[in-house]
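K.L.:
Pasting the sequence and the predicted model now:
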Amino acid sequence: MAEHVMAIDHGTTSTRAIVFDRQGEIVSTAQREHAQIFPHAGWVEHDPVEVWTNTQWVVAHALSRAKLNAADISGIGVTNQRETAVVWDRRTGRPVYNAVVWQDTRTQERLDALAGHAPRITEVTGLPLTSYFSASKLAWILENVPGAREAAEAGDILFGTPDTWIVWNLTGGPSGGEHVTDVTNASRTLLMDLVTLDWSDEMLAIWGIPRAMLPAIRSSSEVVGHAQLPPVVAGVPVAGILGDQQAAAFGQAAFDAGQTKNTYGTGNFLLVNTGTEIVRSTHGLISTVAYRCGTDAAVYALEGSIAVTGSLVQWLRDNLGIIQTSQEVQTLAETVEDNGGAYFVPAFSGLFAPYWRPDARGALVGLTRYVTKAHIARAALESTAFQTRDVLGAVIADTGRELAELRVDGGMTHNDLLVQFQADILGIPVVRPTVVETTALGAAYAAGLATGLWGGFDDLRAHWKEDRRFEPAMPAEEREERYRTWQKAVQKSLDWVE
């Protein structure tokens, strides 16, 4: 029997393939970044062809580095940046336009025109009416790419979030590729009924989207097809699909109601498992699907979505040039004892949870001649922790349950300075697992469950190991004063776009 599983982890800035063994340990990995395309202010795009080319490269290299072949892989799991919209020609496999990324805000005018539908949209989908989600991006492509709507009506072009694009190509593309998504990704489109787990005809009518171009909605853990490309994995079952944040929760073994995780990546995303019950937030969170395994009932979650955290560090590197690599931000920030009075609200795409303010824009406040680039680097890291406290406060308000600790994962959690400040500003322990790449691990788990590599959740729970526990050390009075100042800074970022 095959003793390994592969995860394809397509994120906002790069695509990785990771091979895991039966113990959930990383055997090999390969990664490639893709270009960030900014045609206009507020527009963010990716090239789907580049994404697929990179996917083939990382799959082949991860398998080669592990010294394994297709027969050694029990299944492939796919996890992906959610909400991003890809539209392509089913006959040629060519995209009709670049992928419109989740951070993109070009559709705000269309959203404003639909404001009267907002309560009903939220009731059906669990989501607020914002540019974050896929529907307005897909509608924009249909309305602005010549011939796109006619081709969609004729059934000649297909839509999907990036998981759908990758799985379609993996399983044959124009030569019989499977056009599928899973419930977690479908729940991020503003088009799926959160109760029936099917596309909503009412939502499709509101957005003017033909049902024929939508993928079939499948479970997160089931065999949906077999890989054809790249040839090194031909015949391997494609057996897991999860949106990246749901995959991270799966990788953290947060299978039960009340369990919580926070992922620190391009943005931050905090998920709280609510079991088979849909909990409707009254404090700015999103109701979404956590996962579904086979024919079991779907499990739901509340999510707090933060748009800009790790991408702020990237901005310091690429736009300001105050660091040369992302890893240098901790070293620079550690040269000062505090933020020097500077607070950074990175509302580059407006503010997401719990505010949902598209009119907000980035603000760096509290500046004096004393502030240096080191203080700005520290303020950037601290903004991630402050935004997480905003969201955690909404979680507590919605669930009525205090958290005893917070489990964290994602690339930014390698930064000990950030994680310690997170514990300080929350006043609870923050726990980092030994495997922080839990997004890829979750996709691997989903695929391995579907193909029999693991027998059930208890097998996966046994793999979770604590790497380090960060205990809060900041006095309570100082913690509250710093958070109060953060909240003042947030107010300065609002009402910028009229």
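P.N.:
Here it is on my side, so go on.

K.L.:
list the contacts for Ile376?
P.N.:
Neighbouring residues of Ile376 by CB atoms under 8 Å, 6 or more residues apart in numbering: Leu316, Ile322, Ala342, Phe344, Leu364. From N, CA and C alone the C-beta is placed, and that goes for glycine too.

K.L.:
What subset of those residues is buried?
P.N.:
Leu316, Ile322, Ala342, Phe344, Leu364 (16 or more other CB atoms under 10 Å).

K.L.:
Of all the residues in stretch 246-266, which ones are buried?
P.N.:
Quick answer for stretch 246-266 (16+ other CB under 10 Å): 246-255, 257, 259-266.

K.L.:
My error: substitute stretch 232-240 in the last question.
P.N.:
Quick answer for stretch 232-240 (16+ other CB under 10 Å): Val232, Val233, Val236, Pro237, Val238, Ala239, Gly240.

K.L.:
before we move on, what about stretch 2-15?
P.N.:
Buried, per 16+ other CB under 10 Å, within stretch 2-15: Ala2, His4, Val5, Met6, Ala7, Ile8, Asp9, His10, Gly11, Thr12, Thr13, Thr15.

K.L.:
got it, and stretch 363-376?
P.N.:
For stretch 363-376, the neighbour count (16+ other CB under 10 Å) marks Ala363, Leu364, Val365, Gly366, Val371, Lys373, Ala374, His375, Ile376 as buried.

K.L.:
For the first one, give the beta-bridge partners.
P.N.:
Okay, so that is Ala363. Judged by DSSP bridges, the bridge partners of Ala363 are Val345.

K.L.:
State the distance from it to Arg479.
P.N.:
22 Å (CB to CB, to the nearest Å).

K.L.:
those helices in the stretch 301-450 of the chain, which residues are they?
P.N.:
310-315, 328-333, 373-399, 416-426, 438-451 (DSSP state H, counting those that start in this stretch).

K.L.:
Would you convert those helices into JSON lines that also reports mean pLDDT?
P.N.:
Formatted as JSON lines, the helices of the stretch 301-450 of the chain follow (pLDDT from 0 to 100):
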{"stretch": "helix 310-315", "mean pLDDT": "91"}
{"stretch": "helix 328-333", "mean pLDDT": "92"}
{"stretch": "helix 373-399", "mean pLDDT": "93"}
{"stretch": "helix 416-426", "mean pLDDT": "96"}
{"stretch": "helix 438-451", "mean pLDDT": "95"}
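
K.L.:
Out of those helices, which is closest to Ala152?
P.N.:
Set against Ala152 and scored by CB to CB, the helices of the stretch 301-450 of the chain come closest in helix 438-451, at 29.4 Å.

K.L.:
follow-up on the earlier one: taking the buried residues of stretch 363-376 together, which two end up most distant?
P.N.:
Greatest spacing in those, by CB to CB: Ala363 and Ala374 (19.5 Å).

K.L.:
who's in contact with the strand or helix carrying Asn273?
P.N.:
In this assignment (DSSP states H and E), Asn273 forms part of strand 268-275. The contact list for strand 268-275 (CB under 8 Å, 6+ apart) reads 244-246, 248-249, 254-263, 288, 290, 299-306, 309, 384, 387-388, 391-392, 395, 399.

K.L.:
Relative to it, what are the paired strands and their orientations?
P.N.:
strand 260-264 (antiparallel), strand 299-306 (antiparallel).

K.L.:
If I look at His179, what pLDDT would I see?
P.N.:
With respect to pLDDT, His179 scores 97.

K.L.:
Kindly apply the preceding question to Gln36 instead.
P.N.:
93.

K.L.:
what about it, distance to Leu138?
P.N.:
Distance from Gln36 to Leu138, by CB to CB: 21 Å.

K.L.:
Could I get the full set of helices for the stretch 51-200 of the chain?
P.N.:
Going by DSSP H, counting those that start in this stretch, the stretch 51-200 of the chain shows helices at 108-113, 118-125, 134-144, 148-153, 162-170, 183-186.
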